[in-house]
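Asker: attaching a predicted model along with its sequence, questions to come.
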Amino acid sequence: MKNDELIHMWQKGSERLFSDRKTDKNMITQYLSEKTLKGNRSIHFNLVFYGLIKVANLILLSLNLEGYSNNGTMVWVLLAQLVFTIGALVYGVHVFYRFKEINDYSDSLASLIQKQLRFFRRPYEIWLLLASFSAIILAFNLNFYIDNDQGTYVIHNKLFVTGITLLMFVFIYGSLKAVSLLGLRRLKFYLYDLQQGVLERSESIERARKRYLWLWVLVFLLLTVSLVFGILKALQ
């Protein structure tokens with residue numbers, strides 16, 4: 001009789017332990033699902049924002065093609081940029097819809113994170129390069145449009161312009177790359193914690209994110225001030 005009672009108590013204890021672990025697993029999955037969704041908002045914003053930049057490039061390139069129609073060299077330069085912009089826009093739309101597809105939360109969270117990791121390694125990496133060049137094309141075409149002198153545009157210091165262009169590319173690409181690397185690291189930590197049934201690494205990266213939030217705010221403010229200053233100087 002005592003043995004039967006011991007067996008019964010052991011079975012109840014095992015069921016309770018299993019139930020608690022299942023509840024913990026569900027709580028971890030729900031927590032990481034919310035964090036994954038929030039982390040994807042910045043990527044979604046970048047895809048839309050740089051998509052709008054490409055649309056703006058199409059408009060400016062069309063205006064500049066008309067304004068420089070009598071300048072054969074500029075026409076070829078603008079046509080090359082136009083072909084690049086159309087290709088980049090088409091690829092950007094493809095990446096945008098692919099990003100929406102891999103965020104289907106009807107799939108398991110582990111499978112979802114693995115799909116997103118693959119997305120960051122190749123399609124998004126190509127998109128980073130295209131987005132960086134698109135931002136430079138926007139800056140150049142604003143100058144082409146503003147400084148159009150009866151169909152001519154003169155660069156007085158080619159070395160200086162080349163240096164500034166390289167710095168722009170490194171800065172834009174580096175900023176976007178930093179965000180994608182942070183996203184990759186976060187997803188890897190989420191996947192590890194999900195598989196291990198803990199929140200150790202996820203919580204550590206959340207603490208680090210809050211710690212360096214002021215730095216991101218400072219960089220954003222500096223970029224905003226620089227952009228406004230550049231626009232005002234260009235309009236003078």
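Answerer: Done, it's in. Source: prediction; values computed, not measured. Residues are numbered from 1 along each chain as shown.
Asker: alpha carbons only for contacts and neighbour counts from here, please
Answerer: Fine.
Asker: okay, buried residues for stretch 169-186 please.
Answerer: Within stretch 169-186, the residues scored as buried using 16 or more other C-alpha atoms under 10 Å are 169, 172, 173, 176, 177, 180, 183, 184, 186.
Asker: let's have the residues you listed in JSON lines, adding secondary structure, pLDDT and distance to residue 157.
Answerer: Compiled in JSON lines, the buried residues of stretch 169-186 are given as follows (DSSP: H, G, I helix; E, B strand; the rest coil; pLDDT from 0 to 100; distance: C-alpha to C-alpha, whole Å):
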{"residue": "169", "secondary structure": "helix", "pLDDT": "84", "distance to residue 157": "19"}
{"residue": "172", "secondary structure": "helix", "pLDDT": "83", "distance to residue 157": "23"}
{"residue": "173", "secondary structure": "helix", "pLDDT": "85", "distance to residue 157": "24"}
{"residue": "176", "secondary structure": "helix", "pLDDT": "81", "distance to residue 157": "29"}
{"residue": "177", "secondary structure": "helix", "pLDDT": "83", "distance to residue 157": "30"}
{"residue": "180", "secondary structure": "helix", "pLDDT": "78", "distance to residue 157": "35"}
{"residue": "183", "secondary structure": "helix", "pLDDT": "74", "distance to residue 157": "39"}
{"residue": "184", "secondary structure": "helix", "pLDDT": "76", "distance to residue 157": "40"}
{"residue": "186", "secondary structure": "helix", "pLDDT": "77", "distance to residue 157": "44"}
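Asker: quick check, nearest of these to residue 161?
Answerer: If you rank the buried residues of stretch 169-186 by distance to residue 161 using C-alpha to C-alpha, residue 169 comes first, at 12.2 Å.
Asker: wait, that closest one touches residue 133, no?
Answerer: Yes: using C-alpha atoms under 8 Å, residue 169 is in contact with residue 133, at 6.9 Å.
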